[in-house]
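Chemist: Provide a 3D model corresponding to the input given below.
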Amino acid sequence: MLTTRELCGILIADDDKDDCFLINKALEESGVKNPVHFLQDGSKLLEHLSENLRTLDAKGLPSLPCLILLDLNMPLMDGRETLKRLKANTDYRKIPVVILSNSKNPDDITTAYREGAASFMTKPDDYQGLVNMMAMLKTYWFQTVQLPLKSLPQG
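Modeler: Numbering: from 1, shown residues only. Next comes the predicted model:
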């Protein structure tokens, strides 16, 4: 039986299909049971959230994720702009956003935190490093910290 924390969804915005495949496999290998949904860019992520804000679960609450993993470099709407829009929106600002990027640029890291990112993680160079990172993510976000399991709109 899945726990409440395992039922809450994870949204991942990343345009690299190979990275998405590897992230998904690493999440599975590290024991993450949460539903995971991949989107190719920030505009699709915001569209998805908007649709789910109108979709209510059995308790009448919006079906929003409890964690977003966001790549910085994507077409149409990059992660920087997406993060700004997420944190400017009262319906989404409570959802923790973890930047998961290839960037090691200090300006990207500083900007991400300034704009409201909960964490900034640089993608490892090998698969085992990614599995280890996803295991740490699971331990921290789904076993250690308290999450708003229902990111309710403020009202």
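Chemist: for L147, give me the pLDDT.
Modeler: We have a pLDDT of 70 for L147.
Chemist: what's the helix or strand for it?
Modeler: Applying DSSP states H and E as the criterion places L147 outside every helix and strand.
Chemist: go ahead and confirm it touches P96.
Modeler: Yes: between L147 and P96 there is a contact under Cβ atoms under 8 Å: 6.9 Å. In short, each C-beta sits where N, CA and C put it, glycine included.
Chemist: where do the contact lists of the two overlap?
Modeler: Residues within reach of L147 and of P96 at once, by Cβ atoms under 8 Å, 6 or more residues apart in numbering, are 66-67, 141.
Chemist: so what does the nearest residue to S119 once chain neighbours are set aside look like in phi/psi?
Modeler: For S119, ignoring the flanking residues on the chain, the nearest one in space by Cβ to Cβ, 6 or more residues apart in numbering is V98 at 4.5 Å. When read as degrees, to the nearest 10, the backbone of V98 gives phi -110, psi 120.
Chemist: my guess is V98 contacts L67, does it?
Modeler: Yes: V98 lies in contact with L67 (Cβ under 8 Å); the separation is 6.8 Å.
Chemist: where do the contact lists of the two overlap?
Modeler: W141.
Chemist: what pairs with the residue nearest in space to the middle of the chain across the strands?
Modeler: Among the residues of the chain, the one closest to the centroid is I68, at 1.4 Å (Cα atoms, centre = their mean). The residues listed as beta-bridge partners of I68 by DSSP bridges are L11, V97.
Chemist: distance of it from Y127?
Modeler: 23 Å (Cβ to Cβ, to the nearest Å).
Chemist: Y92 now?
Modeler: 31 Å.
Chemist: residues making contact with stretch 9-27?
Modeler: 32, 34-42, 44-45, 48-49, 63-71, 73-75, 79, 82, 100, 123, 127, 130-131, 133-134, 138.
Chemist: ends of it, how far apart?
Modeler: 13 Å (Cα to Cα, to the nearest Å).
Chemist: what's the offset of it from the middle of its chain?
Modeler: Mean C-alpha position of stretch 9-27 versus that of the full chain (Cα atoms, centre = their mean, to the nearest Å) differs by 10 Å.
Chemist: next one: stretch 97-105
Modeler: For stretch 97-105, the distance to the chain centre is 12 Å (Cα atoms, centre = their mean).
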